[in-house]
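Peer 1: The sequence and its predicted three-dimensional model are supplied below.
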Amino acid sequence: MNIRPSAAIRQNYNEIADLCRKTAAPIFLTKNGGGNLVDMDIETDNRREKMLKLREELLAVEEDRIAGRGGCTLDELDAYLDNVIAEV
């Protein structure tokens with residue numbers, strides 16, 4: 001976990017930006033010793049958003065399955081997952 005004071009982003013923007021890209025991990029910025037902001041590069045954020053969307057969709061499908069509502073064939077599922085993985 002990378003933690004920096006919030007002043008670091010003003011004083012060392014390029015260093016923080018490079019660190020975000022190199023680690024593909026968020027950097028947590030503090031203010032007065034407490035958590036304040038999270039900074040990450042756009043690629044990492046896009047990847048996280050896609051993964052969250054996929055998890056939501058999988059949860060909805062699982063809820064439908066448990067409730068006995070419609071589903072899809074294995075071939076349909078395989079094609080869908082191939083498309084989702086290709087996007088990530």
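Peer 2: That came through, no problem. Treat the numbers as computed from the prediction; the structure is a model and nothing was measured.
Peer 1: where does the residue lying farthest from the centre of the chain fall, phi/psi-wise?
Peer 2: Farthest-out residue of the chain from its mean C-alpha position, per C-alpha atoms, centre = their mean: residue 68, at 30.4 Å. With angles defined as degrees, to the nearest 10, residue 68 sits at phi 80, psi 10.
Peer 1: Would you map the strands across this structure?
Peer 2: For the chain, the strands defined by DSSP state E cover 2-5, 27-31, 34-39.
Peer 1: still on that earlier bit, what does the pLDDT read for the residue farthest from the centre of the chain?
Peer 2: Looking at residue 68, its pLDDT reads 84.
Peer 1: and it, what does it touch?
Peer 2: Counting by C-beta atoms under 8 Å, 6 or more residues apart in numbering, residue 68 touches no other residue. C-beta: built from backbone N, CA, C; applies to glycine.
Peer 1: in this structure, which spans are helices?
Peer 2: Remark: helices assigned in the chain by DSSP state H are 7-11, 13-23, 42-67, 74-87.
Peer 1: Quick one, which of the ones you listed gets closest to residue 35.
Peer 2: helix 7-11 (14.2 Å; C-beta to C-beta).
Peer 1: ok so, going back, with mean neighbour count as extra columns, can I get the helices of the chain in TSV?
Peer 2: Converted to TSV, the helices of the chain look like this (neighbours: other C-beta atoms under 10 Å):
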stretch	mean neighbour count
helix 7-11	13
helix 13-23	13
helix 42-67	12
helix 74-87	10
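Peer 1: right, and the ones you listed - which one's nearest residue 29?
Peer 2: helix 7-11 (6.2 Å).
Peer 1: other SSEs contacting that closest one?
Peer 2: Secondary-structure packing of helix 7-11 (3 or more C-beta pairs under 8 Å, 6 or more residues apart in numbering; DSSP states H and E): helix 13-23.
Peer 1: Domain parsing of the chain, as residue ranges.
Peer 2: 2-40, 44-87 (automatic domain parsing).
Peer 1: what sits against the closest residue in space to residue 17 that isn't next to it in sequence?
Peer 2: Excluding its sequence neighbours, the residue lying closest to residue 17 (C-beta to C-beta, 6 or more residues apart in numbering) is residue 41, at 7.2 Å. Listed by C-beta under 8 Å, 6+ apart, the contact partners of residue 41 are 17, 20-21, 24.
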